[in-house]
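> I'll drop the sequence and a predicted model, then ask my questions.
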Amino acid sequence: MNKWECIQISNHKDIGETIAEYQRKGWSLHTYQTAGVEGMNGSVKHYLLFEKEIMVAPANQFHVGNYNCPSCNNIVSPSATKCPNCGKDLEPPVDQ
Ligand SMILES: [Zn+2]
């Protein structure tokens, strides 16, 4: 199963750094696209589409109740793959 994430970047100088950052997190760049016209107001936008293959745990390994995001402590549901508050990728804790 693949996960997709589209990033909008307003400054082309950030593109290389953004790609490197995502690759460190296991994403690979799938598509790069620009929209808008490079002009005096710099309104051109850059879009990077990243792809990541994720492992899907069997349903019986998921936690039964809500739990706290390890990054921001926001309450997230056991089926969430991403924290709705801080955007961190989540792997629900396994019940022992
Ligand atoms: Zn969070």
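That came through, no problem.

> C-alpha only now, for contacts and for neighbours.
OK.

> how long is stretch 66-76 end to end?
6 Å (CA to CA, to the nearest Å).

> what's the helix or strand where Tyr32 lies packed up against?
For Tyr32, the host element (DSSP states H and E) is strand 28-35. Counting contacts by 3 or more CA pairs under 8 Å, 6 or more residues apart in numbering; DSSP states H and E, strand 28-35 is packed against helix 15-24, strand 45-53.

> return the most buried member of these.
Highest mean neighbour count among the helices and strands packed on strand 28-35 (mean count of other CA atoms under 10 Å): strand 45-53, with a mean of 17.

> tell me the strands beside it, with direction?
If you go by DSSP bridges, strand 45-53 pairs up with strand 2-9 (antiparallel), strand 28-35 (antiparallel).

> tell me where the protein is predicted with low confidence.
38-42, 55-64, 92-96 (pLDDT under 70).

> quick one: closest of the strands paired with strand 45-53 to Thr81.
strand 2-9 (10.0 Å; CA to CA).

> surely Cys72 touches Cys86?
Yes - using CA atoms under 8 Å, Cys72 is in contact with Cys86, at 6.6 Å.

> and this protein, which residues reach the ion?
69, 71-72, 83, 86 (CA under 5 Å from the ion).

> most neighbours among these, please name it.
For these, the largest number of neighbours (other CA atoms under 10 Å) sits with Cys69, at 22 neighbours.

> might you report the residue contacts of that one?
Neighbouring residues of Cys69 by CA atoms under 8 Å, 6 or more residues apart in numbering: 75-76, 83, 90.

> identify the residues contacting the residue nearest to Thr31 when sequence neighbours are not counted.
Closest residue to Thr31 apart from its sequence neighbours, by CA to CA, 6 or more residues apart in numbering: Leu49 at 5.0 Å. Listed by CA under 8 Å, 6+ apart, the contact set of Leu49 reads 4-7, 29-32.

> give me that answer again for 6 Å
Each residue near Leu49 by CA atoms under 6 Å, 6 or more residues apart in numbering is listed here: 5-6, 30-31.

> and His12, how far is that from the ion?
Applying CA to the ion, to the nearest Å, the value for His12 to the ion is 28 Å.

> that residue: how many residues sit nearby?
The burial count for His12: 13, using other CA under 10 Å.
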